[in-house]
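In: Model the following, please.
(chains A, B, C and D)
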Number of protein chains: 2
Amino acid sequence: MSDTLPDDTATLGQVARIAGVSPSTVSRYLNGSARVSDARRQAVEAAIAQLNYRPNMVARSLASGRTSTVGVLTQDIASPFFNEALRGVEDALTEARYAPLFVSGHWDSSEEAERLALLSARRVDGVVMMHGHIRDEDIAPVAKRLPIVMVGRATTTLDLPSITIDNRLGAYKATRHLIELGHVDIAFIAGPADHHDALQRLLGYQDALREAGIEYREALVARADFEEATGMLAIQQLIESRQPFTAVFAANDQSAYGARLALYRRGIRVPEDISLVGFDDLPHSSYCVPPLTTVRQPAYEVGLQAGQAVVKLIEGEDFSLPPLAVELVIRESTLPRRR
Amino acid sequence: MSDTLPDDTATLGQVARIAGVSPSTVSRYLNGSARVSDARRQAVEAAIAQLNYRPNMVARSLASGRTSTVGVLTQDIASPFFNEALRGVEDALTEARYAPLFVSGHWDSSEEAERLALLSARRVDGVVMMHGHIRDEDIAPVAKRLPIVMVGRATTTLDLPSITIDNRLGAYKATRHLIELGHVDIAFIAGPADHHDALQRLLGYQDALREAGIEYREALVARADFEEATGMLAIQQLIESRQPFTAVFAANDQSAYGARLALYRRGIRVPEDISLVGFDDLPHSSYCVPPLTTVRQPAYEVGLQAGQAVVKLIEGEDFSLPPLAVELVIRESTLPRRR
DNA sequence: CTGTTAGCGCTTTCAA
DNA sequence: TTGAAAGCGCTAACAG
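Out: Residues are numbered from 1 along each chain as shown, chains lettered A, B, ... in the order given. I've put the predicted structure just below:
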């Protein structure tokens, strides 16, 4: 027992030799791809234990043509929004014994295309695209070779499976909530003009106004880009427009945070003076001051579904899912309009 | 020109044949591992373009023994704290043409060990361990085979390179700031007892008190676990202890957020009634209400350095780095003590 | 500078 | 059930 600890660098061939069987048998035992007699199975198990053997995934991939790896193309690996979703993807993949290869496109469509090519060169078995800007033409060649699941965006020319939530309905619910509280002059902090979700949320806002017979006014809409800084700017712009308003619906939580701060700086109280609603229900939103009323989108669930979807597709099963439900979470940033 | 678009599934051998050269020449051209004559280079380039060829990374890895992949073992891929750091790691690796393989250990040392084994089986060229709990014995066999860089924790028995920040000094600065504002009864919301950084921060807090001749009192220390919920609980506990205090230093920003909300709920104003300081300077901290005074730790930089470090180690270079500097960021959650 | 020759460690027919 | 043999697509000596 004086030998050194065996590092896990043994090969399948060595296991076979020690077990006195052929490499194929070891392989079959490992993959369960065929029955192995009890006697040999035990011999193989013993040899594996003795050598502390772990299969080399690279070799396995080359031989089998499968890497058990899924590429996950995201906009920004560090955004609070993508986080929850990524966690869902990771859980789904780990569960199915796949490993996620995360890469970020940094909101740039050509960088995204390049990253996708990289994933393809690494021979991932499938791809999850989170909120991509990449053009359909750049996806097409890859989509021919492997399953791609889109999240938060549908392709127009390609017809790839996608996981979506009902953004429009969510925005409708948020606006509706404000209207029910008696608010009429409801400002909207919009998201990026070219962002699918952002557009849907604007439509939902308009739906609710229309339904309530409230006129839609451009002057009450300010554009932000889903981040805090521009949320602050949006408030400034809204105030400068001199259109009075008693409530603000921000197209995502991050811009709501920015709005909240801008209001605070001007000594405008939330919710006493202005009611504020966000969208996403980021983990932080329950800990804001005051805790933010917002539309909960099941980010983790979205990721989980996406992960499970690619796996299904990779393994030849079929898959489809209706848009995931969203839900209004009423916390402390909204109050009835004061008369 | 009526042929179908070639999908990128061509092999190096095909390129060689079309270019009329040997596979080795193509390989050499691709890797720049030796000079190739102009004539052949052009032929190869033409063939590559024609076939839309991209090297198969899996085959390359098997043949070369290198995967150009670095494993990144983190506690929680979805924590706002790790995010910035992960972004740094990603940037460093991408720059050096490596790809990160992120896996999370979920704060569980045996799960971490398993994940590390998985990375090893996937033959990553190196590993970055972010704030791991994994035991030295579980790291050892892997550390023998490949470079491992530790972040936010040093190994005792293994002597692996690590990237650290001066937590103790940071905590000292934070506490010192409060003392300079005239505060004497300064509560501390500590982090997990077994967390290296948390301990250092407690020490820094004590350093500053001692230096100012202020007695350290257990009753002013409440334990949290670096998350909002327990930060709230900590405030409750502090208040119930009936020890008056006029300032709170929380061992990280997330627990400070929780503290802030707990104070708000009790109608205690920040900073007028109680001054609050955090630690980390998460991206959100500049958008809190009020914006949080905190100790900035260069999370992105930490990640970047860690990424660059593994790459250096992988490529045989040496590496070492002193603890990264931390800096007090004074915002609006602190005020002089009222008399 | 270039081609030939062996593999890298595993999977997968094909026969037995 | 099992083994032999032939690769997966690329790199890396070794000659020339």
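In: Model confidence score at the nearest residue to A:Leu276 once chain neighbours are set aside, please.
Out: Here the nearest residue to A:Leu276 in space, its sequence neighbours aside, is A:Ser333; by Cβ to Cβ, 6 or more residues apart in numbering or on different chains that works out to 4.4 Å. C-beta: built from backbone N, CA, C; applies to glycine. pLDDT, A:Ser333: 98.
In: contacting residues for A:Ser333?
Out: A:Arg260, A:Val270, A:Pro271, A:Ser275, A:Leu276, A:Val277, A:Gly278, A:Cys288, A:Pro290, A:Pro291, A:Leu292, A:Thr293 (Cβ atoms under 8 Å, 6 or more residues apart in numbering or on different chains).
In: between the residues you listed, which is nearest chain B?
Out: Within the contacts of A:Ser333, proximity to chain B (Cβ to the nearest Cβ) peaks at A:Arg260, which comes in at 6.0 Å.
In: Output the contacts of A:Ser333 as CSV; include the columns secondary structure.
Out: Supplementary listing: the contacts of A:Ser333 in CSV, determined by DSSP: H, G, I helix; E, B strand; the rest coil:
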residue, secondary structure
A:Arg260, helix
A:Val270, coil
A:Pro271, coil
A:Ser275, strand
A:Leu276, strand
A:Val277, strand
A:Gly278, strand
A:Cys288, coil
A:Pro290, coil
A:Pro291, coil
A:Leu292, coil
A:Thr293, strand
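In: just the residues you listed now: which is nearest DNA strand C?
Out: Within these, proximity to DNA strand C (Cβ to the nearest atom of the strand) peaks at A:Gly278, which comes in at 48.5 Å.
In: was I right about that closest one contacting A:Leu292?
Out: Yes: shown here, A:Gly278 and A:Leu292 form a contact pair, counting by Cβ atoms under 8 Å, at 5.1 Å.
In: which of the contacts of A:Ser333 count as buried?
Out: Among the contacts of A:Ser333, those that count as buried by neighbour count (16 or more other Cβ atoms under 10 Å in any protein chain shown) are A:Arg260, A:Val270, A:Pro271, A:Ser275, A:Leu276, A:Val277, A:Gly278, A:Cys288, A:Pro290, A:Pro291, A:Leu292, A:Thr293.
In: Identify the spatial nearest neighbour of the spatially most central residue of chain A, chain neighbours not counted.
Out: By Cα atoms, centre = their mean, chain A has its centre lying nearest to A:Ala85, at 3.6 Å. In this structure, A:Ala85 finds its nearest non-sequential neighbour in A:Gly303, 3.7 Å apart by Cβ to Cβ, 6+ apart.
In: So the one you found lies in a helix, does it not?
Out: Yes: using three-state DSSP, the secondary structure at A:Gly303 is a helix.
In: hmm, back to that, out of the contacts of A:Ser333, who's nearest A:Thr164?
Out: Among those, A:Gly278 lies closest to A:Thr164 (Cβ to Cβ), at 19.5 Å.
In: quick one, what contacts that closest one?
Out: Applying Cβ under 8 Å, 6+ apart, the residues near A:Gly278 are A:Ala250, A:Asn252, A:Asp253, A:Ser255, A:Ala256, A:Tyr257, A:Ser285, A:Leu292, A:Thr293, A:Thr294, A:Val295, A:Ser333.
In: quick one on the thing from earlier: distance check, the residue nearest to A:Leu276 against B:Glu227.
Out: Between A:Ser333 and B:Glu227 the computed distance is 22 Å (Cβ to Cβ, to the nearest Å).
In: do the same with A:Ile163
Out: Distance, A:Ile163 to B:Glu227, by Cβ to Cβ: 28 Å.
In: Next: A:Arg176.
Out: With distances taken as Cβ to Cβ, A:Arg176 is found 33 Å from B:Glu227.
In: same thing with A:Arg296?
Out: Look at A:Arg296 and B:Glu227: by Cβ to Cβ, they are 19 Å apart.
In: and if you look at A:Arg217?
Out: The spacing between A:Arg217 and B:Glu227, counted by Cβ to Cβ, is 42 Å.
In: more neighbours, these two?
Out: Higher neighbour count among A:Arg217 and B:Glu227: B:Glu227, with 18 against 15, using other Cβ atoms under 10 Å in any protein chain shown.
In: Mind pulling up the pLDDT for that one?
Out: 94.
In: Correct me if wrong: it contacts B:Ala251.
Out: No: the criterion here is Cβ under 8 Å, and B:Glu227 misses it with B:Ala251 at 11.3 Å.
In: what about A:Tyr205, which helix or strand?
Out: Using DSSP states H and E, the element containing A:Tyr205 is helix A:196-211.
In: what mean pLDDT does that helix have?
Out: 96.
In: What helices and strands are in contact with that helix?
Out: When contacts are defined as 3 or more Cβ pairs under 8 Å, 6 or more residues apart in numbering or on different chains; DSSP states H and E, helix A:196-211 packs onto helix A:167-180, strand A:186-190.
In: right, and the ones you listed - which one's nearest DNA strand C?
Out: Set against DNA strand C and scored by Cβ to the nearest atom of the strand, those come closest in helix A:167-180, at 41.8 Å.
In: Let me see the contact set for A:Glu90.
Out: For A:Glu90, the contact set (Cβ under 8 Å, 6+ apart) comprises A:Pro100, A:Gly303, A:Gly307, B:Ile77, B:Phe102, B:Val103, B:Ser104.
In: Test for you: state the pLDDT assigned to it.
Out: A:Glu90 carries a pLDDT value of 94.
In: do the same with the one 4 residues further on
Out: The per-residue pLDDT reported for A:Thr94 equals 93.
In: Spit out the contact partners of the residue lying closest to A:Arg331 once chain neighbours are set aside.
Out: Once flanking residues are discounted, A:Arg331 sits nearest to A:Pro291: 4.0 Å by Cβ to Cβ, 6+ apart. Neighbouring residues of A:Pro291 by Cβ under 8 Å, 6+ apart: A:Ser285, A:Arg331, A:Glu332, A:Ser333, B:Leu261.
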